[in-house]
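Novice: coords below, sequence missing:
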């Protein structure tokens, strides 16, 4: 069990629907990270950009990109996570992959499809929340539009770290920053949000604004808009547990059951 984790998010433009170029870029970036890195967070659909053409871009769970993540995790002795376009049983998913240093993978399917862009018409939504145990930390990874739905993110599992990866456009970037801080405050947990930069093939513009926030909503690391680089921090679970115990806010939350809206 580690009380500290060194977490890194890679903020960058993405090569449109070009896994080979994107994987080569991310591998170069990861190879330059400090040896004490514990977790690397990549953007949503990090091999393709936010594509609505899954028939062209989908991979299998044992395809080149997931195998690449496993290879990197094993070689660098770290965990790596990001979302991919995955096909399974003739359905397409915006699926988060979490690769452990052992090569083991865990998966989460995006719960909330971004209907404004038609994501719901081509991708199947997920039903299950994922809580990962890594180095003694409990981690809840979510994807982009999930950020707008606090009930789904609510910390009923007593997790320690909340991860969001996104293709969040610059037009709504203020909401990205405010909602990340809201999620960290209400769940009393460290939160990292990793967003892409650049302009995609659909002419949507992204500014990044990736950041890491502590359990009280204070920014502890951030990247300027449009910058290609890494956002990183060493987070301390003992401090978080101390403040949780002192304030006791999580003890007073409401109980509830999550159901799919009709």
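Specialist: That came in fine, so what should we check first? On a predicted model such as this, the values are computed, not experimentally measured, just so you know.
Novice: Could you tell me how many residues sit around residue 85?
Specialist: Applying other Cβ atoms under 10 Å, we find 27 other residues in the vicinity of residue 85. Bear in mind the C-beta positions are built from the backbone N, C-alpha and C, glycine included.
Novice: Just the buried residues of stretch 72-84, please?
Specialist: 72, 73, 76, 78, 79, 80, 81, 82, 83, 84 (16 or more other Cβ atoms under 10 Å).
Novice: Report the rounded mean pLDDT for it.
Specialist: Stretch 72-84 carries an average pLDDT of 98.
Novice: next one: stretch 230-237
Specialist: The average of the pLDDT scores along stretch 230-237 is 98.
Novice: cool, and stretch 173-187?
Specialist: Over the span of stretch 173-187, the pLDDT mean works out to 98.
Novice: need the strands for the protein, in chain order.
Specialist: When assigned using DSSP state E, the strands of the chain occupy the ranges 4-11, 39-41, 79-88, 91-99, 105-109, 132-134, 137-143, 161-166, 190-195, 197-199, 205-207, 211-213, 219-222, 229-236.
Novice: Out of those, which is closest to residue 118?
Specialist: For these, proximity to residue 118 was assessed by Cβ to Cβ; strand 91-99 is nearest, at 12.5 Å.
Novice: got the angle between the closest one and strand 137-143?
Specialist: Strand 91-99 and strand 137-143 meet at an angle of 150 degrees, taking axes from the mean of the first three to the mean of the last three Cα atoms, to 10 degrees as the criterion.
Novice: Quickly run through the sheet partners of strand 91-99, with directions.
Specialist: strand 79-88 (antiparallel), strand 105-109 (antiparallel) (DSSP bridges).
Novice: Run the chain-centre distance for stretch 113-126.
Specialist: With Cα atoms, centre = their mean, to the nearest Å as the basis, stretch 113-126 stands 18 Å off its chain's centre.
Novice: end-to-end on that stretch?
Specialist: 9 Å (Cα to Cα, to the nearest Å).
Novice: ok, now stretch 224-244?
Specialist: Using Cα to Cα, one end of stretch 224-244 lies 30 Å from the other.
Novice: Check which helices and strands the longest helix anywhere in the chain is in contact with.
Specialist: For the chain, the helix that runs over the most residues, judged by DSSP state H, is helix 173-187. Other elements packing on helix 173-187 under the criterion 3 or more Cβ pairs under 8 Å, 6 or more residues apart in numbering; DSSP states H and E are helix 150-153, strand 161-166, strand 190-195, strand 211-213.
Novice: Mind doing that once more with 6 Å?
Specialist: Judged by 3 or more Cβ pairs under 6 Å, 6 or more residues apart in numbering; DSSP states H and E, the packing partners of helix 173-187 are strand 190-195.
Novice: what does the strand it packs on rub up against?
Specialist: The contact list for strand 190-195 (Cβ atoms under 6 Å, 6 or more residues apart in numbering) reads 7, 9, 41, 43, 161-166, 168, 180, 183-184, 208-214, 235.
Novice: Residue 37 and residue 8, how far apart?
Specialist: From residue 37 across to residue 8, the span is 5 Å (Cβ to Cβ, to the nearest Å).
Novice: okay, these two: which has more neighbours?
Specialist: residue 8 (24 against 19).
Novice: Pull the contacting residues for the more buried one.
Specialist: Contact analysis of residue 8 by Cβ under 6 Å, 6+ apart lists 33, 37, 40, 230, 232.
Novice: Give me the PyMOL select line for the residues you listed, limited to the buried ones.
Specialist: In PyMOL syntax, the buried subset of those is picked out as below (16+ other Cβ under 10 Å):
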select buried, resi 33+37+40+230+232
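Novice: Tell me the one of the contacts of residue 8 nearest residue 136?
Specialist: In terms of Cβ to Cβ, no member of those lies closer to residue 136 than residue 37, at 17.0 Å.
Novice: got any ranges where this structure has weak pLDDT?
Specialist: Residue ranges of the chain with pLDDT under 70: 261-262.
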